[in-house]
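S.K.: next one to model:
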Amino acid sequence: MSTPSPAADHPAAPTAADYYAVNRGGGLFSEAVSQHAGARIAVRAHKYHLSPTVLTVLNLGLGGLTSIVVIAAAEPVARGDFWAWPIGLLALLGWQLAYAFDCADGQLARVTGQTSAAGARLDVLCDVAVQISLVAALAATAEAQVPDTPAWLLAAFAGTWMVNLVTSVMQSGDKASSMVTSRSLPVRLIKLVRDYGAVIALAGLVLIVAPQWTIWFIGLFTLVNAAFLAASVMFSAREALRGQP
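M.R.: Below is the predicted model:
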C-alpha cells in the first residue's frame, strides 16, 4: 500500500492570486492598488491563522488612530508649529493601509470559507466608524486652516460622504444594478471620483502638499457625492416606476 505524500495531507495554501480573484472591485485605483495589497495581507493572515474578523478590527484601529492623529495635529499645523507633510504622509499611508485590511478581510473570508452574516455586519460597521473618523479629520483640518469655514459645508460634506458607503452596501446583493455598466477605460477614469482608494489617496496628498486646500477638497466631493445621490434617486425612481425589482 502506498503512503500518502505530505503534499496530499497538506494542500497548498491559497496564493495572492487566489485571494485577488475573489475581490469585490471598488474602482480602477482600488483594483490596481488596494485589492492587490489586500490579497498579500490575506496571504500573511492565513499563514499566521488570523481570522477575517482580526483584519476587520485592524482596519478600524489603524484607520481610526490615523484620523485621531490628523485631528490632534490640525491646529498645530495651521499655526505653523508643526510641518504639514509628516502628518499628511501618515494620513496617506495609514488610511491606505487600513483600506487594504478592509479589502483583505473579505478576500480571506471568501477563499477560506469563513464568511458569515455577523462578520459582514461587523465589516460594514467598522467601515462606517473609519469613514466617520476620516471625515472628522478632514473637517478639523479645513476648519483649522480656514476658521470661517461654513458649518453647513462641513455638515453637507459629512452627510454626502456616506453616499458611497451606502450605495456600495446596496450593490452587494443579488438585486444590485448600476447606472453605468461600461468598463471602458474612459468611463473607469471618470469613476475614480467615487473610488474610495483614489479619493483617500487624494486626501492624503492634499494634506501633504497644501492642507489649506482641504476646504476645496471638501467642497468638490460634496458636489460630486450630492450629484451622484441625486442621479441615484432618479435612476432608482425610474426603475421602480417601470416595476423592475
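S.K.: identify the residues contacting Ile190.
M.R.: Ile190 makes contact with no residue, according to C-beta atoms under 8 Å, 6 or more residues apart in numbering. Glycine gets a C-beta too; all of them are placed from N, C-alpha and C.
S.K.: so where's the protein shaky on pLDDT?
M.R.: Along the chain, segments meeting pLDDT under 70 span 1-11, 169-182, 244-245.
S.K.: neighbours of Thr56, how many?
M.R.: 25 (other C-beta atoms under 10 Å).
S.K.: so which strand or helix has the residue nearest to it when sequence neighbours are not counted?
M.R.: Leaving aside its sequence neighbours, Thr56 sits nearest to Asp105 (C-beta to C-beta, 6 or more residues apart in numbering; 4.6 Å). If you go by DSSP states H and E, Asp105 is part of helix 84-112.
S.K.: surely the residue nearest to Thr56 is in contact with Leu55?
M.R.: Yes. Contact criterion C-beta atoms under 8 Å: Asp105 and Leu55 qualify, at 3.9 Å.
S.K.: what about Ile132, helix or strand, and which?
M.R.: Counting by DSSP H and E, Ile132 is part of helix 117-145.
S.K.: could you list the buried residues of that helix?
M.R.: Neighbour counts over helix 117-145 (16 or more other C-beta atoms under 10 Å) mark 119-120, 122-124, 126-127, 130-145 as buried.
S.K.: again, but for stretch 51-62
M.R.: Those would be 51-53, 55-56, 58-60, 62, for stretch 51-62 by 16+ other C-beta under 10 Å.
S.K.: quick one: it to chain centroid distance?
M.R.: Relative to its chain's centre, stretch 51-62 lies at 13 Å (C-alpha atoms, centre = their mean, to the nearest Å).
S.K.: same deal with stretch 93-105?
M.R.: With C-alpha atoms, centre = their mean as the basis, the mean position of stretch 93-105 lies at 7 Å from the chain mean.
S.K.: which residues are contacting it?
M.R.: 19, 23, 26, 30, 33-35, 37-39, 41-42, 45, 52-53, 55-56, 58-60, 62-63, 65-67, 69, 119, 123, 126-127, 130, 134, 196-197, 200-201, 203-204.
S.K.: now, those that are in helices?
M.R.: Counted as lying in helices by DSSP state H, out of the contacts of stretch 93-105, are 19, 35, 37-39, 41-42, 45, 52-53, 55-56, 58-60, 62-63, 65-67, 69, 119, 123, 126-127, 130, 134, 196-197, 200-201, 203-204.
S.K.: what is the neighbour count of the residue nearest to Thr56?
M.R.: Neighbour number of Asp105 under other C-beta under 10 Å is 29.
S.K.: cool, thanks, signing off.
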